[in-house]
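Trainee: fold the following.
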Amino acid sequence: MAKFGKWIAGGLGWVLLGPIGGIIGFAIGSLLDTSEAITYPGQTGRNNFIVSLLVLVAEVMKADGKVLKVELDYVKRYFLKNFGEAAASDALILLRDILKKNVPLRDVCFQIRDNMDYPSRLQLLHLLFGIANADGVFHPKEVNVITNIAGWLGISSADFESVKSMFFNDIDASYRVLEIDRNATVDQIKKAYRNMALKHHPDKVNYLGEDIRKSAEEKFQKVNEAYEKIKKERNFI
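Mentor: Alright, predicted model coming up:
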């Protein structure tokens, strides 16, 4: 548990100053250890990002009225893959406690919106859809919660549909990923691809750490895959 407290203390920063702090305060107690660099208000650090993700993930997991062991196992595997064993172990401890809390979701999202830049919020959205799709199916209640989260995070409807469409394989989804319709010209398609590749480039979240940057590469790859599918369908280079 000492390691868990150190991980939390290393980067809560602005998280402690709003509703998120009230949610996780009980999990900190005497575990605080300031031997790591503190993230100060107004900055989004790696641990700020992860704690915010966990609070939102808990709400998505509870959306259908039940939290299954398979969902917890998926989140653990997800964190193992993207953030490493130490972070996965600590995150699961915190997640289990957050799941017991009644979260003021709207206020939490407003806090995240006010303290986190847009590329990082897009990355949060992509991770939420990934977890919701753990069983290969988007439950309507989960999608409804994610829709509310996206709106409160200030994410545009076009970007919401783009990120959501990254989890579908049909050609129509590929057009939605690039935020264009099927009547777009080749020049419009190429321009849209350049814009989306820039918007979702992993370097946009590079400051959050290599592990989060690595997880962002999946989103970037989805943009490339969508473009390649459209090029193949429309037969252009």
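Trainee: C-alpha from now on. contacts and neighbour counts both.
Mentor: OK.
Trainee: any idea how far the residue nearest to I149 when sequence neighbours are not counted lies from V70?
Mentor: Leaving out its chain neighbours, the residue that sits closest to I149 by CA to CA, 6 or more residues apart in numbering is C109, at 6.5 Å. From C109 across to V70, the span is 26 Å (CA to CA, to the nearest Å).
Trainee: higher neighbour count, the two?
Mentor: Neighbours were counted for C109 and for V70 using other CA atoms under 10 Å; C109 has more, 24 against 11.
Trainee: where does that one fall, secondary structure wise?
Mentor: Here C109 sits within helix 105-115, counting by DSSP states H and E.
Trainee: buried residues in that helix, which are they?
Mentor: For helix 105-115, the neighbour count (16 or more other CA atoms under 10 Å) marks L105, V108, C109, F110, Q111, I112, R113, N115 as buried.
Trainee: toward the C-terminus, what is the element adjacent to that helix?
Mentor: With elements assigned by DSSP H and E, the helix or strand that comes after helix 105-115 is helix 118-132.
Trainee: mean confidence for that following helix?
Mentor: For helix 118-132, mean pLDDT rounds to 92.
Trainee: for stretch 225-237, same thing?
Mentor: Per-residue pLDDT over stretch 225-237 has a mean of 94.
Trainee: not counting residues beside it along the chain, what's closest to T147?
Mentor: Leaving aside its sequence neighbours, T147 sits nearest to F160 (CA to CA, 6+ apart; 7.9 Å).
Trainee: I'd say the one you found and I149 touch.
Mentor: No: using CA atoms under 8 Å as the test, F160 is too far from I149 to be in contact (10.3 Å).
Trainee: low-confidence ranges, the protein, go.
Mentor: In the predicted model of the chain, residues 1-17, 24-44 satisfy pLDDT under 70.
Trainee: neighbours of the residue nearest to T147, how many?
Mentor: Other residues near F160 come to 20 when the count uses other CA under 10 Å.
Trainee: what's the helix or strand for it?
Mentor: Counting by DSSP H and E, F160 is found in helix 157-165.
Trainee: CA atoms of that helix as CSV?
Mentor: In CSV, the C-alpha atoms belonging to helix 157-165 read as follows (Å, rounded to 0.1, in the frame of the first residue of the first chain):
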residue,chain,number,x,y,z
SER,A,157,-20.1,16.0,-31.6
ALA,A,158,-18.0,15.4,-34.7
ASP,A,159,-15.0,14.3,-32.6
PHE,A,160,-17.3,12.1,-30.5
GLU,A,161,-18.6,10.3,-33.6
SER,A,162,-15.0,10.1,-35.0
VAL,A,163,-13.6,8.4,-31.9
LYS,A,164,-16.6,6.1,-31.5
SER,A,165,-16.4,5.0,-35.1
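Trainee: remind me what that helix packs against, helices and strands.
Mentor: The contact analysis (3 or more CA pairs under 8 Å, 6 or more residues apart in numbering; DSSP states H and E) places helix 157-165 against helix 118-132, helix 140-152, helix 171-177.
Trainee: ok so, going back, now the residue nearest to I149: how far from A134?
Mentor: In terms of CA to CA, C109 sits 23 Å off from A134.
Trainee: could the buried residues of helix 105-115 go into a markdown table alongside distance to P202?
Mentor: Compiled in a markdown table, the buried residues of helix 105-115 are given as follows (distance: CA to CA, whole Å):
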| residue | distance to P202 |
| --- | --- |
| L105 | 27 |
| V108 | 25 |
| C109 | 23 |
| F110 | 24 |
| Q111 | 23 |
| I112 | 20 |
| R113 | 20 |
| N115 | 19 |
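Trainee: greatest separation within the residues you listed: which pair is it?
Mentor: Taking every pair in the buried residues of helix 105-115 and measuring CA to CA, the maximum separation is 15.5 Å, between L105 and N115.
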